[in-house]
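Visitor: Provide a 3D model corresponding to the input given below.
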Amino acid sequence: MSNKVRVGVIGVGNCASSFVQGLEYYKHATPGDSVPGLMHVDLGGYHISDIEISAAFDIDVEKVGKDVSEAIFSGQNNTVKFADVPKLNVPVLRGMTHDGLGKYLSEVITKAPGSTVDIAQVLKDTGTDVVVNYLPVGSEEAVRWYVEQVLDAPCAFVNCMPVFIAREEYWQKRFRKVGTPIIGDDIKSQVGATIVHRVLTRLFQERGVEIEDTYQLNFGGNTDFLNMLERDRLVSKKISKTNSVRSQLDQQLGDDHIHIGPSDYVPWLRDRKWAYIRLEGKSFGDVPLNVELKLEVHDSPNSAGIVIDAVRCAKLGLDRGLSGTLEGPSAYFMKSPPQQFSDGVARQMTEAFIDGTPAVALGGNGRSAERTLDGTASVPVSSPLR
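Guide: Numbering: from 1, shown residues only. Here you go, the predicted model:
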């Protein structure tokens, strides 16, 4: 058990930039302060300043070989700069490509020369505790390859991408076998399009409004949106976002009545994302009731605080000897956890996990059960959580 959280980063893009900047920006925060986007300044005994970047991997010639503090502002990275990051003495190492470089990204990114470093050995040598996956959407093969390296090290894993690892029994067994935890899959932003859509959907549900049709259209100007112009890379992303919203409904909404997905790439938006959400339903007397809104966010900072909390929860899991998917943190931080809960319940589960106490949560079958720290159901509880 270490008093530091040593973090390795796969993919030094805009999200990694905001994550690293956030560590610097809030390193002197006082426990008890309210920091926008963080559950706690001190989470389970780990202050923000206890998080250290131990290793970083990328394939971009503009980033490989540079110190992380410089690489986060290099290449196609275009997110807002809100902190000056001092030299970290952590070079970006040459990672594995596989399918991580799609058709459109390859037009603006040049692969660094040389071969892939021994990822697992680097993680061992640097004493990395937790690895964060920030690979581009659609990098199915690359993500699975990196997971094998993480298992070989072994380290805890936070999967911010919509490649399904934490929710799959096969990978859960693999992480349980090596004795390390995983939190995933597909990061929820602090206040992003999907979390807003989930809350509105739940509001309709709880107020008795029958949803008939809904959509969510997103567009932005970072490389994530450029990459998603390649529609065949969007399969898992679309599944993840759609199921996340659907999970808030008691009744099924047919495929023809729900559409959630990226819409287009607008370069001048840079790291800003604009989302349009519409819900159409009927209320008392079958009278129409519609909601439409536009959300504007800086995409990458919107998720950075969530990842800061997630890596500290993953380290708590390591400290406690837990392995496999951490259910509460996965349900609260991610769009596609093994089991969906309402966001309020998921937060309660995560707070209980941080405190090291059992939590009561409403299960998918409408009954509640006491959840142990490893996320398994144990003693049924007679009345549901309200």
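Visitor: helices of this protein, residue ranges please.
Guide: Using DSSP state H, the helices found in the chain span residues 14-25, 68-71, 119-125, 140-152, 169-178, 193-206, 223-227, 235-246, 301-319, 327-333, 343-355.
Visitor: wait, isn't Ile119 in contact with Gln149?
Guide: Yes: with contacts counted by Cβ atoms under 8 Å, Ile119 reaches Gln149, the gap being 3.9 Å. (Glycine included, C-beta is placed from N, CA and C.)
Visitor: quick revisit: in terms of mean pLDDT, which of the helices of the chain ranks lowest?
Guide: The weakest mean pLDDT among the helices of the chain belongs to helix 235-246, with a mean of 87.
Visitor: buried residues in that helix?
Guide: 236-242, 244-246 (16 or more other Cβ atoms under 10 Å).
Visitor: got the angle for it vs helix 193-206?
Guide: Interaxial angle of helix 235-246 relative to helix 193-206 (axes from the mean of the first three to the mean of the last three Cα atoms, to 10 degrees): 30 degrees.
Visitor: what is helix 235-246 packed up against?
Guide: Judged by 3 or more Cβ pairs under 8 Å, 6 or more residues apart in numbering; DSSP states H and E, helix 235-246 is in contact with helix 193-206, strand 210-220, strand 258-265.
Visitor: where do the strands sit along the stretch 1-150 of the chain?
Guide: Ranges of strands within the stretch 1-150 of the chain are 5-10, 42-43, 46-47, 51-58, 92-94, 130-133, based on DSSP state E, counting those that start in this stretch.
Visitor: mean pLDDT added to these, as CSV?
Guide: Converted to CSV, these look like this (pLDDT from 0 to 100):
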stretch, mean pLDDT
strand 5-10, 98
strand 42-43, 97
strand 46-47, 97
strand 51-58, 98
strand 92-94, 98
strand 130-133, 98
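Visitor: out of the ones you listed, which gets nearest to Ile308?
Guide: strand 51-58 (6.7 Å; Cβ to Cβ).
Visitor: who does that closest one pair up with?
Guide: In the sheet, strand 51-58 lines up against strand 5-10 (parallel), strand 92-94 (parallel) (DSSP bridges).
Visitor: out of the ones you listed, which one sits most buried?
Guide: Highest mean neighbour count of the strands paired with strand 51-58: strand 5-10, a mean of 27 (counted as mean count of other Cβ atoms under 10 Å).
Visitor: quick one, that one and helix 14-25 angle?
Guide: 160 degrees.
Visitor: one step back: okay, the helices of the chain in a markdown table with distance to Ala55 next?
Guide: Shown next, in a markdown table, are the helices of the chain (distance: least, Cβ to Cβ, whole Å):
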| stretch | distance to Ala55 |
| --- | --- |
| helix 14-25 | 12 |
| helix 68-71 | 9 |
| helix 119-125 | 5 |
| helix 140-152 | 11 |
| helix 169-178 | 18 |
| helix 193-206 | 30 |
| helix 223-227 | 22 |
| helix 235-246 | 26 |
| helix 301-319 | 13 |
| helix 327-333 | 22 |
| helix 343-355 | 26 |
